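got a predicted structure plus its sequence, pasted below:
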Amino acid sequence: MKKGVVLFIILFFLTPAYSADHCLEVARRLWALQNQIVAKSFRQLPPGAWAQYASNIKAVYLGQQVSPRTGMKLHVIEFTGGPTGQIWYQLTPKDIPYQGETLRFWTLEPMEAYILMGHRASYISKRILETYMRMSGNRWSTILEEGTILSPPNCDEVPEIRETTFVLASGKKVKATVIRSQENGAKLYCSPDVPFGWIKVKHSDGTTGAAPLMDFGFSGARAKISRKMAAEAQPIVFPASPLRGPAKR
């Protein structure tokens, strides 16, 4: 799974130089944007929806499926273009009290994953996913990572937020929100009108971040890791460590 840029909105940009009313207004706007992306770009996607990114990376939504491990009904996304893998996740609400109101943010929580190795799939548990993220300092999937939401906000900067029409390499036009950091000038482009919400990041030096969106569609894509392969997947077991003892499944 390739490392990208965190998609979900993080409330670290509200400043005391503005009134409490303005602070709440900015928080509401970003709250609404995140919830729109989770609703339209994940929850309401039809199975077979897809997004094509640079470097031949492709993400496909496979609908809700019952986990062969836990019996939970989870949303499934498959990634190809590097190692082929699936992330199975649930929608998790976070209720944030702020200035007498409660804002409910919907976030995405990875619960398990499968990686294609040759003609077989291997299973990765939530515990191993969390261990990987903690030890490596990376995120398993930054698109799916739960957003860190601070309450009250750490008021250090105010982002510039505007709407635009973005033209993809495929020629498709998308209504997008641009969030520009006042600290470093980087711009995040996102939209609830495309699968998974991600368009691109543009750095302050004008270069584009990893894996910008190239094209998308809402039908026709198929999984490479079948349900049968997931059901038959063997868990990945890390070698024993003299400091930790035998690896646990």
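Thanks, I have the structure now. Here the structure is a predicted model, which means the values were calculated and not measured. Numbering: from 1, shown residues only.

who are the packing partners of the longest strand seen in the chain?
Using DSSP state E, we find that the single longest strand of the chain is strand 101-117. Under the contact criterion of 3 or more Cβ pairs under 8 Å, 6 or more residues apart in numbering; DSSP states H and E, strand 101-117 touches helix 20-38, strand 73-80, strand 85-98, strand 120-125, helix 126-136, helix 227-231. From N, CA and C alone the C-beta is placed, and that goes for glycine too.

would you mind listing the buried residues in that strand?
103, 105-108, 110-116 (16 or more other Cβ atoms under 10 Å).

over to stretch 76-96?
76-81, 84-89, 96.

can I get these in JSON lines with pLDDT and distance to G48?
Formatted as JSON lines, the buried residues of stretch 76-96 follow (pLDDT from 0 to 100; distance: Cβ to Cβ, whole Å):
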{"residue": "V76", "pLDDT": "95", "distance to G48": "12"}
{"residue": "I77", "pLDDT": "94", "distance to G48": "12"}
{"residue": "E78", "pLDDT": "95", "distance to G48": "11"}
{"residue": "F79", "pLDDT": "93", "distance to G48": "15"}
{"residue": "T80", "pLDDT": "93", "distance to G48": "14"}
{"residue": "G81", "pLDDT": "90", "distance to G48": "18"}
{"residue": "T84", "pLDDT": "94", "distance to G48": "17"}
{"residue": "G85", "pLDDT": "93", "distance to G48": "18"}
{"residue": "Q86", "pLDDT": "94", "distance to G48": "15"}
{"residue": "I87", "pLDDT": "92", "distance to G48": "17"}
{"residue": "W88", "pLDDT": "93", "distance to G48": "17"}
{"residue": "Y89", "pLDDT": "91", "distance to G48": "18"}
{"residue": "I96", "pLDDT": "76", "distance to G48": "34"}
